[in-house]
Structures are given as C-alpha cells and as structure tokens.
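Enquirer: structure, please.
(2 chains)
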Amino acid sequence: MKLKPFYIFVSLFVVGAILVFASSPKISGYSSLENEVIREAKSDDSYNKVMDVLTHQRCMNCHPSDHIPKQGDTSHPHYFGMARGEDDHGFKATSCNTCHQSENNLNSGVPGAPHWALAPASMAWEGLTRAQIAERLLDKSMNGNRSHQELIEHMTEDDLVLWAWEPGVDADGEPRTIPPVSKEEFKKAVEIWFANGAIIPSK
Amino acid sequence: MEISLTVNGVLKTVDIADENTPLLWVLRDTLDLKGTKFGCGKAACGACTLHVDGEAVRSCSYPVKFAEGKKVTTIEGLGDRENPHPVQQAWIEEIVPQCGYCQPGFMMATAALLNKVPKPTDEDIDKNIINICRCGTYYRMRKAIHKAADLQAEKLTNDSKEA
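Expert: As a prediction, this is how the structure comes out:
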C-alpha cells in the first residue's frame, strides 16, 4: 500500500512527458529558426560596430552634407574657409594638398594620408541616421558603383579609411581620438555584415 | 640621407639627418634662402608658402623627403629686381607691405593662383588666398592681385608678340 503513491507519480510523469514531446515542434524546424535568429543577431552586432565607426568624427568629418570639411572632436567647420571645391580637393590654388600630405605630420599636427580629400558629395553622411548612412553606402548610384566586395575592400584596405585608427596628433600635439571599435574588430565586422547580406536592422 | 631637389632652377643635394625636417628649414638653414618665412609652424598662416612642382605648399609642414626629385620655387626664384614677376611688380606698385613679414607667402600663393586662374574674381581670391597678415594689408593685396593678373596678361601678350 505504501508503494501506491509512487506508482501514481511515475504514471503521471510518463503521461506528462509524452504530452510535452508530442506538442513540441519538429527538431529540424526548430533548428532552422534558431540559425536564423543567430544569423540576425550576428548581423545586428556587426552592423552596430560598423556604424559606431562610420559615425565617429574621424570618419564623419570628411563626409559632410554642406560641402565643408569638419575638424576635431567638436566637428567644427574647417578653418580658413576651406570647402569641397570642384573635385573634392578644395580650391584650385589652395587645395587639400597645400597643407595635407600623404602621411601625418607629427611636427605641425597636420593630418595626412594617401589621396587626402573629402568623400564625394553623394557619400555625404552628416545629419543622416545610421540606417540612412547604410542605405547610402550600399546604393551603387551613390557609392561610386561599388559592389559589396568592392565596398569590403574599400572599407578594410583603403589607407585613407584606415587612417581613422592612426590619426596622429593635433595642432597642440595631443593624440586625436580614434573610433570606439578597434581596426581589426571593424574589419571583421564589415566582413560579417556583408557576408550576412548587409542587413539594415530597421528595415 | 641625401635628398636632391631643384631649387629655383638649380639642382641641389642636401645631406639631412632627419628626412622629416620641414622643407622650410632646409631652405632657410641649409641653403640660406631666407625669403620664405616661419610663421606658425602649423600650416595655418601661410607665411612659409612656396611652390613644389608648381603647386602652393606650406613648407613648415612639408617634410623635405617629399621634395626629392621635385622642383621647388621660393620667393627668390619668382623674379628679381631687374625682372620682377608680375605679382612682385604689382606688390611694389600698390605698396602692399606694412611690416612685410608675411608677404612672400602671400605673393607665392598669388602666383600659384594666377597660374590656375589667370583672371581671378574677388570670390576666387577669397577662396584661394587664405594666408594671414597681422598688419591687415588685405585690402591692398586684393588690389595688387587684380593688378598682377592684368600685368601677367599684358606680359603674356607682349611675349607672344615677340615670339
């Protein structure tokens, strides 16, 4: 008689277990959903890392929407009235290269990198949301007809893009700030974001 | 290391310990060309402006290594007393300088402008001549730049007639 509650408990457990497994989704379907969730989560993470860099002053200062380059962490208009000019290199006789050379000048604090210039007007990012920046980045009519592969190369190999992590010192000899994501992490994030279809989360 | 560059039409080879030495100091201290001035040392004021392969450059922020094999023109090479450059002539005629310290940079910037824009408008001048003059000679400089454009055009006409 003492064993009766035990048998009742075991019986209820077995019936409960059968009901639980019977109502569960098929293993293959569940697995597929899980992969999708993981892929999207990874994509969002890489997207955010990419955007953390693109919206940092070291990048944004040369992607103006008003044709005026910006300077410093305050993104103030470039001194001396400099502007885009006809070819993104300033004015005819006073161009970017009047002061900026192909590398940082640690004596004067003038920054420099190969092909120093403003980003084309079609790639103006200033004032846009992250999603709008991403849309513009991916739009071949705006990005210089670059494919995803060409964008990856541009963003991970171009000396002027990578200058953001080696920006030298300012006019006071103080090191310029760098983006909040490391160069290697950024490169990886770019590759993952594009590998996962360059999803813009808000869309 | 040795660096060879052509300065005012003459090939020069300098032996320099630090290739990042500003071109300005090589010209002034090594080659004894004192016409190019040091102002701010930050490529901001333009007193050190000269030409490298015809382009205006702020020489205080231009490592001498970048001048290897290039043609450098300083205010001394722009013209001389007997044969002044139209910009120098205009500067004299308009009595532009006050203290004069920044003027070589302004004249070199102006010469570069006239090479690109032979007849500059006031807007062209505002955009391209962005040096700083503490004496405030900007008004006279603007007049001189317009005069220099006229003198240069006149000179070109005369030269073509003679040719």
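
Enquirer: what about residue B:89, which helix or strand?
Expert: Element membership for residue B:89 (DSSP states H and E) is helix B:86-93.

Enquirer: can I get the CA coordinates of that helix in CSV?
Expert: Extracted C-alpha coordinates of helix B:86-93, given in CSV (Å, rounded to 0.1, in the frame of the first residue of the first chain):
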residue,chain,number,x,y,z
PRO,B,86,54.0,90.4,-62.3
VAL,B,87,53.0,89.6,-58.7
GLN,B,88,56.1,91.2,-57.3
GLN,B,89,55.7,94.2,-59.6
ALA,B,90,52.0,94.7,-58.6
TRP,B,91,53.0,94.4,-54.9
ILE,B,92,55.5,97.2,-55.4
GLU,B,93,53.1,99.4,-57.4
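
Enquirer: chain center to it, what's the gap?
Expert: Once both centres are worked out by CA atoms, centre = their mean, to the nearest Å, helix B:86-93 turns out to sit 13 Å from its chain's centre.

Enquirer: before we move on, what SS does the residue nearest the centre of chain A have?
Expert: When CA atoms, centre = their mean is applied to chain A, the residue found nearest the centroid is residue A:50 (1.4 Å). Assigned by DSSP: H, G, I helix; E, B strand; the rest coil, the conformation of residue A:50 is helix.

Enquirer: these two touch, right, it and residue A:191?
Expert: No. If you go by CB atoms under 8 Å, residue A:50 and residue A:191 don't touch, sitting 10.1 Å apart. For the C-beta atoms, the positions are set from N, CA and C on the backbone; glycine is no exception.

Enquirer: tell me which parts of chain B are close to chain A?
Expert: Proximity of chain B to chain A is confined to B:20, B:22, B:41-44, B:49, B:55-58, B:60-63, B:66, B:109, B:112-113, B:115-117, B:124, B:126-130 under the rule CB under 8 Å from any CB of the partner chain.

Enquirer: if we can go back for a sec, and the pLDDT at the residue nearest to the centre of chain A?
Expert: At residue A:50, the pLDDT value in this model is 98.

Enquirer: contacting residues for it?
Expert: Contact partners of residue A:50, counting by CB atoms under 8 Å, 6 or more residues apart in numbering or on different chains, are A:134, A:155, A:186, A:189-190, A:193.

Enquirer: ranking the residues you listed by neighbours, who comes first?
Expert: residue A:193 (27 neighbours; other CB atoms under 10 Å in any protein chain shown).

Enquirer: now that residue: how far from residue A:182?
Expert: 16 Å (CB to CB, to the nearest Å).

Enquirer: and the helix or strand containing residue B:156, which residues are buried?
Expert: Applying DSSP H and E as the criterion places residue B:156 in helix B:138-162. For helix B:138-162, the neighbour count (16 or more other CB atoms under 10 Å in any protein chain shown) marks B:138, B:140-142, B:144-149, B:151-152 as buried.
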